[in-house]
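Student: coords please:
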Amino acid sequence: MTVMTFGRAINAGLRKAMDQDPKVVLMGEDIGKLGGVFRITDGLQKDFGAHRVIDTPLAESGIMGTAVGLAYRGYRPVVEIQFDGFIYPAFDQIVCQVAKLHYRTQGNVKMPITIRVPFGGGIGSPEHHSESPEAYFTHTSGLRVVSVSNPQDAYTMIQQAIASDDPVLYFEPKRRYHTKGEVDEAADLSQAPAVGAASVVTQGSDVTLVTYGPLVSTARDVAIAASDDGVSVEVIDLRSLSPIDFEPLEASVRKTGRLVITHEAAQFGGLGAEIAASITERCFNYLEAAPVRVTGFDIPYPPSKFESHHLPDLDRIMDGIDRAMGRPNSLSALEGK
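Tutor: Down below sits the predicted model:
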């Protein structure tokens, strides 16, 4: 086991994939000589050459269009979108070309493209640098969407994404890049959890708390704080946002009878709404209370000095658990309790 940061784990995973397959090429803005704005690709151009770690113009649509052409020619391009909010110029290429070419060609053309997206807030950046656009892509058939929450998954899942013949959006919580953890670099990918599998992070019996990406660490802290208050919280890390592995969610909710979902993205039309609806359909007779969502607000991303109020934190998630438990909470007056 090696202790490394989240960002370094992604770098190590990219390096291993490039070592094993000469058809893996990296593309993005400033990813070569600079090593990326977050230094995730640091050293890779030096070791693999500028023909495999390619500094591109500032043109996301052009980058994605080039990746489509490379995939047609048998390469496995890994595209970096420098910041989450920069993905929109590439939206047409991703949803109209990348997602549909396998289906459109009756399975004759594969699109093994990995799209790395640093996402989420918490680093004091302005709009277009702190967004959570994952729901746009989970709505699109033909795309796999994953989000990693710890260094081991970061290392393993980037390799799994690159090895997949499906296009994968790989969302990286940028505020966790410096989080450290143990990584087994000798791990056999064939023995690793499937890229689409959810993970039970902490066992609990009173409330199921579902999240992904940057908020998994916060959810762990919530489980500890709630236990001090006599509430047992089961935390589930989705890992895959499309498709969603509903089996462990269903099993947990049948045990706890209560569901809280939290994510940084806005509430309306967010992933939490889909999870709440699906679990209600599948587990209605087991629910003791309506599912609760704790999310970012339905506003443009705020200035950095206000983002601590915008992002779900321990107190807001604890309040959501109180709502699910029928305990006094921030909405008690409105609910007549």
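
Student: Distance of the residue nearest the centre of the chain relative to Arg15?
Tutor: Centroid check for the chain by Cα atoms, centre = their mean gives Ser147 as the closest residue, at 1.9 Å. Note on Ser147: its distance to Arg15, by Cβ to Cβ, to the nearest Å, is 21 Å. (C-beta placed from N, C-alpha, C; glycine too.)

Student: now the strands: where do they sit in the stretch 51-200 of the chain?
Tutor: 53-55, 76-80, 114-119, 144-147, 168-173, 180-183, 199-202 (DSSP state E, counting those that start in this stretch).

Student: partners of the third one in the sheet?
Tutor: Strand 114-119 pairs in its sheet with strand 76-80 (parallel), strand 168-173 (parallel), by DSSP bridges.

Student: Export the first one to PDB, keeping only CA atoms.
Tutor: Extracted C-alpha coordinates of strand 76-80, given in PDB (Å, rounded to 0.1, in the frame of the first residue of the first chain):
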ATOM      1  CA  ARG A  76      -8.500   5.400 -26.400                       C
ATOM      2  CA  PRO A  77      -8.500   9.100 -25.800                       C
ATOM      3  CA  VAL A  78      -8.700  10.600 -22.300                       C
ATOM      4  CA  VAL A  79      -9.900  14.200 -22.500                       C
ATOM      5  CA  GLU A  80      -9.500  16.600 -19.700                       C
END
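
Student: pLDDT on it, on average?
Tutor: Averaging pLDDT along strand 76-80 gives 98.

Student: how long is stretch 44-60 end to end?
Tutor: Using Cα to Cα, to the nearest Å, the end-to-end distance of stretch 44-60 comes to 21 Å.

Student: Over to stretch 25-35?
Tutor: 14 Å.

Student: what's the average pLDDT for that stretch?
Tutor: In this model, stretch 25-35 carries a mean pLDDT of 97.

Student: Check the offset of it from the chain's centre.
Tutor: 21 Å (Cα atoms, centre = their mean, to the nearest Å).

Student: repeat for stretch 129-139
Tutor: That offset, for stretch 129-139, works out to 9 Å (Cα atoms, centre = their mean).

Student: Stretch 233-240 too?
Tutor: With Cα atoms, centre = their mean as the basis, stretch 233-240 stands 12 Å off its chain's centre.

Student: Average pLDDT for that stretch, rounded please.
Tutor: Stretch 233-240 shows a mean pLDDT of 98.

Student: residue ranges for the helices of the stretch 201-337 of the chain, please.
Tutor: 215-228, 246-256, 271-283, 307-310, 314-325, 332-335 (DSSP state H, counting those that start in this stretch).

Student: Which residues belonging to the third one are considered buried?
Tutor: Taking 16 or more other Cβ atoms under 10 Å as the basis for neighbour counts, the residues of helix 271-283 that come out buried are 271-276, 279, 283.

Student: Next up, the contacts around the residue lying closest to Thr256 once chain neighbours are set aside.
Tutor: If the residues on either side of it in the chain are set aside, Thr256 comes closest to Thr208, at 4.8 Å by Cβ to Cβ, 6 or more residues apart in numbering. Thr208 is in contact with 233-234, 236, 249, 252-253, 255-256, 258-260, counting by Cβ atoms under 8 Å, 6 or more residues apart in numbering.

Student: longest strand anywhere in the chain?
Tutor: strand 259-266 (DSSP state E).

Student: would you turn the strands paired with strand 114-119 into CSV with distance to Ala90 and mean neighbour count?
Tutor: Shown next, in CSV, are these (distance: least, Cβ to Cβ, whole Å; neighbours: other Cβ atoms under 10 Å):
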stretch, distance to Ala90, mean neighbour count
strand 76-80, 8, 26
strand 168-173, 11, 26
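
Student: Turn those strands into JSON lines, columns for distance to Glu288.
Tutor: Listed next are the strands paired with strand 114-119 as JSON lines, based on distance: least, Cβ to Cβ, whole Å:
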{"stretch": "strand 76-80", "distance to Glu288": "44"}
{"stretch": "strand 168-173", "distance to Glu288": "31"}
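
Student: Indicate which one of these is closest to Gly43.
Tutor: Among the strands paired with strand 114-119, the nearest to Gly43 by Cβ to Cβ is strand 76-80 (14.8 Å).

Student: Might you calculate how far that closest one sits from the centre of the chain?
Tutor: That offset, for strand 76-80, works out to 17 Å (Cα atoms, centre = their mean).

Student: Identify all contacting residues around that strand.
Tutor: With Cβ under 8 Å, 6+ apart, strand 76-80 has contacts from 14, 17, 21, 23-29, 31, 36, 40-41, 63-64, 66-67, 70-71, 112-116, 162.

Student: picking that back up, of the strands paired with strand 114-119, which is nearest Gly122?
Tutor: strand 168-173 (8.1 Å).

Student: tell me the angle that closest one makes with helix 215-228.
Tutor: If you take axes from the mean of the first three to the mean of the last three Cα atoms, to 10 degrees, strand 168-173 sits at 50 degrees to helix 215-228.

Student: Roughly how far does Asp322 sit from Ser164?
Tutor: 40 Å.

Student: and if you look at Ser130?
Tutor: Counting by Cβ to Cβ, the gap from Ser130 to Ser164 is 28 Å.
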